[in-house]
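1. what would the 3D arrangement of this be:
(one chain, ligands or ions: 1)
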Amino acid sequence: MNVFIIGGTSGLGLEIGKLFLEKGAQVYATGRKELNITENLDQLIEDLNEKVSSLPTIDLFIYAAGFLEKGHIGELSDAHIAQMINVGLTAPALILERLLKKQKHLEGFIAITSTSQWIPRELEPVYTGVKAGLAMLAQSVSFDPNIKKTLVVGPAGMNTEFWTNSDRDVSALLSPKWVAEQILKLWVDNYIYRLTRILRDPTPEAERVQIIETRFE
Ligand SMILES: NC(=O)c1ccc[n+]([C@@H]2O[C@H](COP(=O)([O-])OP(=O)(O)OC[C@H]3O[C@@H](n4cnc5c(N)ncnc54)[C@H](OP(=O)(O)O)[C@@H]3O)[C@@H](O)[C@H]2O)c1
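-> Residues are numbered from 1 along each chain as shown. The predicted structure is shown next:
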């Protein structure tokens, strides 16, 4: 089994990759060193053409890249906004396009969004937008008969490098290893599409790992 993870060099993507390695999968992981997604769309297209053509047939594509945003919309720069949209939405769409053109079908797709896909946040206007967009991209492609199984996971705050250079106290955030283990459990069932949320601090009556929707056909 070949697993391709964008954002697989740190935090949640790295932990998911380790679990698939333990299961005997071949894992192809990228971070900024291997595939730096910037605001430059021409460069992204060139890099993705090269990257995807170098891969064997991919069975599972996991999109886990993301980075922090902090600012009102009027305080952000053009470069930041373009990079956020490229990381959050353009790159996963271009990769799916290339994988499907190359190998005609894809057995599995996991999109890592965030609870920000449901919760508007004053200082994360573009981040919340791309996470909601990635969730809808994933749900829409799940109707494509050439994509066999799709899982969307929206986790709450995790203790990862994501928060480096911010003043957030990360000590009480979710462990990315634990979140990865939950994702593996959510993945193994048989379905076409599943939407899930992993909360940090649910109300007493609520589950921490929530399956919001599962579609079987
Ligand atoms: N941490 C949280 O509280 C939290 C909460 C909800 C959702 N999420 C989402 O969970 C996913 C994983 O985040 P994480 O917490 O594991 O963060 P992380 O430890 O910072 O890992 C992010 C991954 O994305 C890669 N990446 C970041 N910017 C990139 C860029 N411009 N081009 C290419 N690759 C890039 C990183 O590469 P490098 O190794 O080179 O840095 C790394 O592999 C992200 O989609 C994030 O939005 C995080």
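2. every contact and neighbour count from this point should use C-alpha atoms.
-> Fine.
3. Leu151 against Leu134, yeah?
-> No. Leu151 lies out of contact with Leu134 (CA atoms under 8 Å); the separation is 11.5 Å.
4. need the overlap of contacts for these two.
-> Ala111 (CA atoms under 8 Å, 6 or more residues apart in numbering).
5. hmm, who's touching stretch 100-115?
-> Here stretch 100-115 has contacts from 53, 57-65, 99, 131-132, 134-135, 138, 146-156, 197-199, using CA under 8 Å, 6+ apart.
6. next step: these restricted to helices.
-> Using DSSP state H, the members of the contacts of stretch 100-115 that fall in helices are 53, 99, 131-132, 134-135, 138.
7. just give me the closest of those to the ligand.
-> Ranked by distance to the ligand (CA to the nearest ligand atom), the ones in helices among the contacts of stretch 100-115 are led by Lys131 at 7.7 Å.
8. can you tell me how far the closest one is from Ser54?
-> Distance check for Lys131 against Ser54: by CA to CA, to the nearest Å, it reads 28 Å.
9. out of these two, which sits in the more crowded spot?
-> When Lys131 and Ser54 are compared on other CA atoms under 10 Å, the one with more neighbours turns out to be Lys131, at 24 against 9.
10. right, and that one touches Pro120 too?
-> No. Counting by CA under 8 Å, no contact exists between Lys131 and Pro120, whose distance comes to 10.7 Å.
11. all the helices of the protein, residue numbers only.
-> 11-22, 41-54, 78-85, 91-103, 125-141, 176-188.
12. Serialize those helices to TSV and add fields for distance to Trp163 and mean pLDDT.
-> Written out in TSV, the entries for the helices of the chain read as follows (distance: least, CA to CA, whole Å; pLDDT from 0 to 100):
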stretch	distance to Trp163	mean pLDDT
helix 11-22	11	98
helix 41-54	25	98
helix 78-85	16	98
helix 91-103	22	98
helix 125-141	14	98
helix 176-188	13	98
